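**Student:** Next come a sequence and a model predicted from it.
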Amino acid sequence: MNALADKLQSVFKTLRGYGTLNESNVAEALRDVRMALLAADVNYQVARQFCERVKEKALGEEVRQSIRPGDWFVKIVHDELLALFTREDAGLAPVRPLRVALCGLNGAGKTTTAAKLAQFLVQERERVVLVAADLQRPAAADQLGILGTRIGATVLRPQPGRDLAAHLAWAREESLRLGATVTIFDLAGRMEINDDLLAELASAIRVIEPQESLLVADAALGQAAVEVAKGFMARARLTGLVLSKFDGDARGGSAFSLQEVTGCPIKFLGTGEKTGDFEAFEAERLVRRLLGMGDLYGLAQKVQETVDVEDVSRMQEKMKKESFDLQDFQDQMRMMRKLGPLQNLLGMIPGMGSIPHSAVDENGLKRTEAILGSMTKQERRKPDLINARRRLRIASGSGTSVTEVNQLLHRFRTMKKMMGKVTRSGRPEEQLKKLFRGR
């Protein structure tokens, strides 16, 4: 998704240099927009129709004198994207008890999504029961059992000698007895769409009678995800989509194509590997991130759910006084890890989504964590104690080199000074941009 956002922002940057919008420069900009959408694996017809709607509005409306033509074009694209993604039925049905059937191909992250959705609903104060209903893959029941225990949700597993229909009927009654307000059925998948899979799905749906039938689709599949969705729609009445693996690596095209082609609303996004990396789909937030406007609300929400506010205040004071040490640095890295992949977090900050992946070295972060983990607590509190002999021991313990340990200590001292300036400047966003861009 970040690649698509980068290309769209590049188009807008060029267009902002024009004094007026005319047929020539609008056509040129839309050609680049269309290419960016196609490169992100957006369905060709969807990309063409989207560009035609933008063209009609860009040339058909008079540009207000107070707005630069380029900004006006961005507004039109923003409004069209918002119209494309906005659906009134984007949330789960309000009826309780609610039965949710999850379907999809193997590898789409269906079982993990079941656990993520359960955790999301538990946090919404729902009483959730998970039903392991993938009799084709016994390991799926074990996986769901482990995840369910971790998030505190009851998991109903298949019993020996009981076929799928009997298991689903029993689980439906048992979840009522347990007082569940939401029951999530993790149905079987296959490596590809075939008659056996669709027949089993149709049979399961008849027993469950779900108010919500959600297709879990791998966002990285692009247009292939659309074909998968069409196959499932042929045999089941889908009420919504869950896009898994919708992180910085996904090209984002599936989000456009799936909703436009299937007519089903996107209801949730899986944004990372952890069960907490899951969010309700909100069109405005996605569009703002695509157009480089950031998603500060989403970032604030993540921070609120993950970070101890008192720890943050204490850390800010230490940064201002430049008393920040390597132990604090390690604590901050662990806190950042809880928030999710760093590239995703940068994409939520206005103007920082265009920072290339190469500027965010995840392997380098892991090596840094290893070096910090090989230091004693005393060394992290007082880095000046780390002499040549200690550096050799730390490098050996972390599987790195003395040069890397030296580089980390040098970067830490530089960063300590920079963070002091950032926190004292009153303009942390601008200072962070300079820090990451090396200006």
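**Tutor:** Thanks, I have it.
**Student:** Just to be sure, residue 276 is in a helix?
**Tutor:** No. Assigned with DSSP: H, G, I helix; E, B strand; the rest coil, residue 276 falls outside any helix and is coil.
**Student:** Leaving out the residues flanking it, which one is nearest to it?
**Tutor:** Distances taken as CB to CB, 6 or more residues apart in numbering put residue 119 closest to residue 276, at 6.6 Å, once the chain neighbours are dropped. To be clear about C-beta, it is placed using only N, CA and C from the backbone, and glycine gets the same treatment.
**Student:** how near is that neighbour to residue 126?
**Tutor:** 10 Å (CB to CB, to the nearest Å).
**Student:** separation between residue 131 and residue 93?
**Tutor:** Distance, residue 131 to residue 93, by CB to CB: 18 Å.
**Student:** Look at those two and report which has more neighbours.
**Tutor:** residue 131 (31 against 14; other CB atoms under 10 Å).
**Student:** Paired strands for the helix or strand harbouring the more buried one, with orientation please.
**Tutor:** Per DSSP states H and E, residue 131 falls inside strand 128-133. Applying DSSP bridges, strand 128-133 is found paired with strand 154-156 (parallel), strand 182-187 (parallel).
**Student:** contacts for the helix or strand following it?
**Tutor:** Where DSSP H and E defines the elements, the next helix or strand beyond strand 128-133 is helix 138-151. Here helix 138-151 makes contact (CB atoms under 8 Å, 6 or more residues apart in numbering) with 111-112, 114-115, 118-119, 122, 130, 132, 134, 154-155, 157-158, 186, 188, 275.
**Student:** Quick check: which of the strands paired with strand 128-133 has the most neighbours on average?
**Tutor:** strand 182-187 (a mean of 28; mean count of other CB atoms under 10 Å).
**Student:** quick one: buried residues of the very next helix or strand once past that one?
**Tutor:** The first helix or strand that comes after strand 182-187 along the chain, using DSSP H and E, is helix 195-208. Residues of helix 195-208 classed as buried: 197, 198, 200, 201, 204, 205, 207, 208 (neighbour count, 16 or more other CB atoms under 10 Å).
**Student:** and the residues you listed as JSON lines, adding pLDDT and distance to residue 79?
**Tutor:** Converted to JSON lines, the buried residues of helix 195-208 look like this (pLDDT from 0 to 100; distance: CB to CB, whole Å):
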{"residue": "197", "pLDDT": "80", "distance to residue 79": "40"}
{"residue": "198", "pLDDT": "82", "distance to residue 79": "38"}
{"residue": "200", "pLDDT": "88", "distance to residue 79": "43"}
{"residue": "201", "pLDDT": "88", "distance to residue 79": "37"}
{"residue": "204", "pLDDT": "93", "distance to residue 79": "40"}
{"residue": "205", "pLDDT": "93", "distance to residue 79": "37"}
{"residue": "207", "pLDDT": "96", "distance to residue 79": "44"}
{"residue": "208", "pLDDT": "96", "distance to residue 79": "39"}
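**Student:** Not counting its neighbours along the chain, what's nearest the spatially most central residue of the chain?
**Tutor:** Most central in the chain under CA atoms, centre = their mean is residue 271, positioned 2.3 Å from the mean C-alpha point. Using CB to CB, 6+ apart and skipping the chain neighbours, the partner closest in space to residue 271 is residue 277 (4.7 Å).
**Student:** for residue 279, same thing?
**Tutor:** That would be residue 269: by CB to CB, 6+ apart, it lies 5.4 Å from residue 279.
**Student:** who's in contact with that neighbour?
**Tutor:** By CB under 8 Å, 6+ apart, the neighbours of residue 269 are 219, 242, 243, 246, 278, 279, 281.
**Student:** I'd like the distance between it and residue 49.
**Tutor:** Going from residue 269 to residue 49 by CB to CB gives 24 Å.
**Student:** got any ranges where the stretch 201-350 of the chain has weak pLDDT?
**Tutor:** 247-252, 292-310, 312-313, 316, 319-320, 339-350 (pLDDT under 70).
**Student:** so who does residue 205 touch?
**Tutor:** Going by CB under 8 Å, 6+ apart, residue 205 touches 101, 213, 236, 237.
**Student:** From residue 333, how far off is residue 244?
**Tutor:** 27 Å.
**Student:** now do residue 22
**Tutor:** Distance, residue 22 to residue 333, by CB to CB: 51 Å.
**Student:** How about residue 364?
**Tutor:** To residue 333, residue 364 is 12 Å away according to CB to CB.
**Student:** what about whichever helix in the chain runs longest, distance to the chain center?
**Tutor:** In the chain, with assignment by DSSP state H, the single longest helix is helix 402-425. Relative to its chain's centre, helix 402-425 lies at 30 Å (CA atoms, centre = their mean, to the nearest Å).
**Student:** Residue 139: neighbour count?
**Tutor:** So residue 139, with other CB under 10 Å, has 9 neighbours.
**Student:** what sits against residue 404?
**Tutor:** The contact partners of residue 404, taken as CB under 8 Å, 6+ apart, are 367, 371, 395.
**Student:** I'd like to know which of the residues you listed are part of helices.
**Tutor:** Using DSSP H, these in helices are 367, 371, 395.
**Student:** and the last one, how far is that from residue 131?
**Tutor:** Taking CB to CB as the measure, residue 395 falls 50 Å from residue 131.
**Student:** Where does residue 5 fall, secondary structure wise?
**Tutor:** If you go by DSSP H and E, residue 5 is part of helix 2-15.
**Student:** what's the next secondary structure element after that helix?
**Tutor:** helix 23-39.
**Student:** and the angle for that following helix with helix 2-15?
**Tutor:** Here helix 23-39 runs at an angle of 170 degrees relative to helix 2-15 (axes from the mean of the first three to the mean of the last three CA atoms, to 10 degrees).
**Student:** Pull out the buried positions in helix 23-39.
**Tutor:** For helix 23-39, a neighbour-count test (16+ other CB under 10 Å) marks 25, 26, 29, 30, 32, 33, 34, 36, 37, 38 as buried.
**Student:** Now that helix: average pLDDT?
**Tutor:** The average pLDDT within helix 23-39 is 84.
**Student:** Tell me the helices and strands packed up against that helix.
**Tutor:** Contact here means 3 or more CB pairs under 8 Å, 6 or more residues apart in numbering; DSSP states H and E; on that basis helix 23-39 packs against helix 2-15, helix 44-60, helix 69-85.
**Student:** nearest to residue 407, of those?
**Tutor:** Residue 407 lies closest, by CB to CB, to one member of those: helix 2-15, at 27.1 Å.
**Student:** follow-up on the earlier one: mind checking which of the contacts of residue 269 land in strands?
**Tutor:** Applying DSSP state E to the contacts of residue 269, the entries found in strands are 242, 243, 278, 279.
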